[in-house]
Structure formats: structure tokens, C-alpha cells
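In: pasting the sequence and the predicted model now:
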Amino acid sequence: MTDSDTPKIGQVWRYPYLWSHEADAGRIEGAKQRPTAVSLLTTNKEGEDVVMLVPLTTLDPAGNPFAVKVPETELRRAGLDPAVQAWVIANEYNFEAYKRTYYLEPGAHQGQFSSMFIKLVQGKMVEAIKSRKAKGVSRN
């Protein structure tokens, strides 16, 4: 992965997201490529840079207090169709050491959320993690 392909907070990437219920059922691959947002960057115990990706969905996540509706302007910034409603699901995430990933492909970066919007998503994600309602799936 080159520096231009290095994930940055707020970027939107096409990614084979693996939902926690799919991982719980024994799947190791996501069903399809979907837009995901880089929500956090951290370091693991081995000192590797780790990316945390949250999924976007067009299915109404009714009743999920950690879903963030994506405004039309942000959909445009993310390279998505502004005529189609979408939500970021902030209590689900995939995480992996991105320098050894097979899933974040070069050229799969498609857009960028504003810093204000991604901070809103991060706040919901932290809230979900603190309340133990977040589900993370390791991809390494």
C-alpha cells in the first residue's frame, strides 16, 4: 500500500465489510463490497497501524441509536448517490493492520466525509464502545 493509498480518518472506501452476525456465523468474507468510513486509526500491541472502518447502509436502521443518517452534502463528498438515503452504523466496525491487509485495495478510496461529520460518527462510536454495545470484527 502506497502513501496515497494510506487510510485517513473520514475517508470513504469500497471494502468487503464483514458484519458481526456474519462473523458469528463463521463467515470470513463480507458478502459484498460496500462503502465504509475510516472512523479511527490506532496502534495494536505489535506496534502496527490499525484502521477501524464503520459500514454505510441504505437499509433504514430503525431503532439503532448508534446509526447516523448521512446528509446529502456528505453523500456527495463521499462519492455516493445523494438521491439515496444512507446511514453510518457506528456500533459495528471492522479493524485490521492496514499495511498487511488484503481487503483495503489500492484505488478503493472513493471520497471523504467532512471533519465535522466524522467527529459526530466518532462520538457515536465511542458511546457504543463505552456502553459495550459495539461489535468489532478483526480482519487480520
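Out: Received it, and whenever you're ready, just let me know what you need. Numbering: from 1, shown residues only.
In: going forward, measure contacts and count neighbours with C-alpha atoms only.
Out: OK.
In: tell me the pLDDT of the residue sitting furthest away from the middle of the chain.
Out: Taking Cα atoms, centre = their mean, the residue of the chain most remote from its mean C-alpha position is Glu46, at 22.3 Å. The per-residue pLDDT reported for Glu46 equals 93.
In: does Asp81 count as helix, strand or coil?
Out: Counting by DSSP: H, G, I helix; E, B strand; the rest coil, the backbone at Asp81 sits in coil.
In: report how many residues lie close to the nearest residue to it once chain neighbours are set aside.
Out: Of all residues not flanking Asp81 in the chain, Leu75 sits nearest, at 6.4 Å (Cα to Cα, 6 or more residues apart in numbering). Applying other Cα atoms under 10 Å, we find 20 residues neighbouring Leu75.
In: in the helix or strand hosting Leu75, which residues are buried?
Out: Here Leu75, judged by DSSP states H and E, is contained in helix 72-77. Within helix 72-77, the residues scored as buried using 16 or more other Cα atoms under 10 Å are Glu72, Glu74, Leu75, Arg76, Arg77.
In: from those, which is closest to Lys32?
Out: Of all those, Leu75 has the smallest distance to Lys32: 19.6 Å, by Cα to Cα.
In: list the contacts for the closest one?
Out: Listed by Cα atoms under 8 Å, 6 or more residues apart in numbering, the contact set of Leu75 reads Asp81, Pro82, Ala86.
In: which one of those sits closest to Asn64?
Out: Nearest to Asn64 out of the contacts of Leu75 is Ala86 (Cα to Cα; 13.6 Å).
In: where does Met52 sit: helix, strand or coil?
Out: strand.
In: for it, list each beta-bridge partner.
Out: Leu40, Phe95 (DSSP bridges).
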